[in-house]
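# Below are the sequence and a predicted model; questions follow.
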Amino acid sequence: MMLIPTHHFRDIERKPEYLQPEKCVPPPHPGPVGTMWFIRDGCGIACAIVTWFLVLYAEFVVLFVMLIPSRDYVYSVINGIVFNLLAFLALASHCRAMLTDPGAVPKGNATKEFIESLQLKPGQVVYKCPKCCSIKPDRAHHCSVCKRCIRKMDHHCPWVNNCVGENNQKYFVLFTMYIALISLHALIMVGFHFLHCFEEDWTNQQQAYRLPREGTAEARTSLHEIKQPLKSSTECSSFSPPTTVILLILLCFEGLLFLIFTSVMFGTQVHSICTDETGIEQLKKEERRWAKKTKWMNMKAVFGHPFSLGWASPFATPDQGKADPYQYVV
Ligand SMILES: [Zn+2]
Ligand SMILES: [Zn+2]
């Protein structure tokens with residue numbers, strides 16, 4: 001899930017006289033305000049499509065192999081609602097994480113006017129990114145996939161085809177949480193399915209295919225059954241038992257893999273939010289230059305002020321209460 005961004009680290013540290021602002025011109029066509037953020041990266045787009053495909057596969061197996069053919073109506077309805085709601089929230093969080101600007105620093109802002117406006121004193125240092133020609137606020141890092149400097153960049157995640165940074169970390173955390181929850185839910189349902197249905201299905205299937213002696217009355221009735229073995233044999237699934245087993249084993253495998261990956265990622269993210277240290281800062285063991293706040297304050301800075309149900313909703317844009325202006329000078 002995490003690309004180790006060896007080349008994403010802070011690039012260059014220079015004093016104002018070496019910033020060469022004359023070489024930095026803002027891009028000739030800055031995108032119109034409100035344009036959707038979307039990274040055109042083949043690998044990222046393929047990973048994002050695979051993510052959707054895997055969620056839809058789980059939806060298909062849960063609905064058509066386990067819940068719809070089940071005879072327990074209440075069990076099917078309750079589990080169907082819970083699973084679909086969680087899957088919907090997971091995909092919505094994925095979209096928000098992918099399509100939200102993670103906190104990109106304006107390209108080419110290292111102009112003479114901008115540097116002058118910072119009113120640098122002798123000895124003060126600002127950071128300039130030579131790749132996107134921008135003056136980086138503190139804690140921003142350049143991402144070579146997004147080709148931009150990203151504020152509080154944590155890592156570039158190909159599964160959401162975007163950087164995880166200051167503005168979209170909430171959606172990324174929700175995405176990992178909902179994927180972990182649907183994986184767990186699917187695994188529990190597969191467990192129940194094996195417990196309640198399998199013995200019955202296999203026994204019935206064997207009976208339906210049992211060949212009687214030729215010419216007997218039993219043979220004449222059984223031949224009719226053989227033509228429609230699935231109809232008479234399947235009580236718990238609309239597919240034949242072998243197909244059902246394969247579909248369920250694949251779902252188990254997918255569920256286990258995703259449960260492990262996403263719960264580890266969720267834990268790592270919550271830890272880095274609580275300690276207010278991004279993945280890159282932890283890797284680089286950067287010295288702490290920013291004020292230390294309580295864990296609760298750090299959570300609110302990512303999920304929004306004040307604590308509410310909106311924390312769990314990918315549709316609620318967090319009010320991060322940006323009181324502090326971005327710090328450019330170190
Ligand atoms: Zn940059
Ligand atoms: Zn990126």
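Done, it's in. Ligands and ions are numbered 1, 2, ... in the order given.
# where do the strands sit along the stretch 51-200 of the chain?
126-129, 134-136, 140-143, 148-151, 155-157, 162-164 (DSSP state E, counting those that start in this stretch).
# tell me the most buried of those strands?
strand 162-164 (a mean of 30; mean count of other C-beta atoms under 10 Å). The C-beta positions use only the backbone N, C-alpha and C, and glycine is treated the same way.
# Tell me who's in contact with the residue nearest to residue 316 when sequence neighbours are not counted.
Closest residue in space to residue 316, ignoring its immediate chain neighbours: residue 310 at 3.4 Å, by C-beta to C-beta, 6 or more residues apart in numbering. By C-beta atoms under 8 Å, 6 or more residues apart in numbering, residue 310 lies in contact with 303-304, 316, 318.
# thinking again about what came up before, nearest to residue 180, out of the strands of the stretch 51-200 of the chain?
Set against residue 180 and scored by C-beta to C-beta, the strands of the stretch 51-200 of the chain come closest in strand 155-157, at 15.2 Å.
# and that closest one, anywhere near ligand 2?
Yes: for strand 155-157, a contact with ligand 2 is found by C-beta under 5 Å from the ion, at residue 156.
# Quick check: neighbours of that strand in the sheet, parallel or antiparallel?
Each strand paired with strand 155-157, and its direction, by DSSP bridges: strand 162-164 (antiparallel).
# okay, now the residue of the stretch 201-330 of the chain found nearest ligand 1: neighbour count?
Using C-beta to the ion, residue 280 is the residue of the stretch 201-330 of the chain that sits closest to ligand 1, at 13.2 Å. Neighbour count for residue 280, taken as other C-beta atoms under 10 Å: 22.
# My read is that residue 279 contacts residue 154, right?
Yes: contact criterion C-beta atoms under 8 Å: residue 279 and residue 154 qualify, at 4.4 Å.
# circling back to that earlier point, so which strand or helix has the residue of the stretch 201-330 of the chain closest to ligand 1?
helix 279-284 (DSSP states H and E).
# rewinding a little: please report how far the residue nearest to residue 316 lies from ligand 2.
The spacing between residue 310 and ligand 2, counted by C-beta to the ion, to the nearest Å, is 26 Å.
# so who does the closest residue to residue 259 other than its chain neighbours touch?
Among residues not flanking residue 259 along the chain, residue 183 sits closest, at 3.9 Å (C-beta to C-beta, 6+ apart). Going by C-beta under 8 Å, 6+ apart, residue 183 touches 58, 254-256, 258-259, 262.
# TSV for these, including pLDDT and secondary structure?
Shown next, in TSV, are those (pLDDT from 0 to 100; DSSP: H, G, I helix; E, B strand; the rest coil):
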residue	pLDDT	secondary structure
58	97	helix
254	97	helix
255	97	helix
256	98	helix
258	97	helix
259	98	helix
262	97	helix
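# Out of those residues, the closest to residue 167 would be?
Checking these one by one against residue 167 (C-beta to C-beta), the nearest turns out to be residue 262, at 21.1 Å.
# Is it correct that the closest one is in contact with residue 182?
No: using C-beta under 8 Å, residue 262 makes no contact with residue 182, being 9.4 Å away.
# of these two, who's got more company?
residue 182 (28 against 23).
# can you pull the contacts of the more buried one?
Going by C-beta under 8 Å, 6+ apart, residue 182 touches 55, 58, 83, 86-87, 90.
# What is the nearest of those residues to residue 169?
residue 90 (16.3 Å).
# wait, that closest one sits on residue 175?
Yes: taking C-beta under 8 Å as the definition, residue 90 is a contact partner of residue 175 at 6.2 Å.
# These two: which is more packed in?
Counted by other C-beta under 10 Å, residue 90 and residue 175 do not tie: residue 175 has more neighbours, with 31 against 25.
# give the contact list for the closest residue to the more buried one other than its chain neighbours.
With sequence-adjacent residues excluded and distances taken as C-beta to C-beta, 6+ apart, residue 175 is closest to residue 93, at 3.9 Å. Contact partners of residue 93, counting by C-beta under 8 Å, 6+ apart, are 171-172, 174-175, 178, 314.
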